[in-house]
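A.B. asks: no FASTA, just this:
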């Protein structure tokens, strides 16, 4: 795990993909850095995506957080805006001692009003 560093977020995308742009805009607006792989231009990235998802990924974007496949744009947004962190988010993003998932911290930045009082 990365300690104090930001979590590694990887986005497999293609140009002119509306859902890819939505996912990237949400990440950018929240100051969440990510590595992008354009599978239309990078054959090795496309092969890696197929290998990492067991060949099941047929759409883009496909998003990985700390190496864990989250899914597409709507999956990422759902995970980030859950009122309480999912077990997956808790398992992936355990906070430094507070027990709150890092995914929850990302969600707090996305929708702070949903997290008031937690």
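C.D. replies: Nice, I can see it. Everything quoted here is computed from the prediction, not taken from an experiment.
A.B. asks: From now on I want contacts and neighbour counts done on CA atoms only, so please keep to that.
C.D. replies: Noted.
A.B. asks: Identify the residues contacting residue 23.
C.D. replies: 61, 73, 76, 77 (C-alpha atoms under 8 Å, 6 or more residues apart in numbering).
A.B. asks: What of residue 60?
C.D. replies: Applying C-alpha under 8 Å, 6+ apart, the residues near residue 60 are 12, 13, 14, 17, 19, 20, 72.
A.B. asks: Can you tell me which of these are buried?
C.D. replies: When those are checked for burial by 16 or more other C-alpha atoms under 10 Å, the buried set is 12, 13, 14, 19, 20, 72.
A.B. asks: can you put those in JSON lines and add distance to residue 50, pLDDT and secondary structure?
C.D. replies: As requested, those are exported to JSON lines (distance: C-alpha to C-alpha, whole Å; pLDDT from 0 to 100; DSSP: H, G, I helix; E, B strand; the rest coil):
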{"residue": "12", "distance to residue 50": "11", "pLDDT": "98", "secondary structure": "strand"}
{"residue": "13", "distance to residue 50": "13", "pLDDT": "98", "secondary structure": "strand"}
{"residue": "14", "distance to residue 50": "15", "pLDDT": "97", "secondary structure": "coil"}
{"residue": "19", "distance to residue 50": "19", "pLDDT": "96", "secondary structure": "helix"}
{"residue": "20", "distance to residue 50": "17", "pLDDT": "97", "secondary structure": "helix"}
{"residue": "72", "distance to residue 50": "14", "pLDDT": "96", "secondary structure": "coil"}
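A.B. asks: What is the nearest of those to residue 40?
C.D. replies: Nearest to residue 40 among the buried ones among the contacts of residue 60: residue 14, at 5.7 Å, using C-alpha to C-alpha.
A.B. asks: For the closest one, which non-adjacent residue is closest in space?
C.D. replies: residue 38 (5.2 Å; C-alpha to C-alpha, 6 or more residues apart in numbering).
A.B. asks: So what sits opposite that neighbour in the bridge?
C.D. replies: Counting by DSSP bridges, residue 38 is bridged to residue 13.
A.B. asks: what's the neighbour count on it?
C.D. replies: Using other C-alpha atoms under 10 Å, residue 38 has 16 neighbouring residues.
A.B. asks: ok now do it, which residues does it touch?
C.D. replies: 12, 13, 14, 15, 45.
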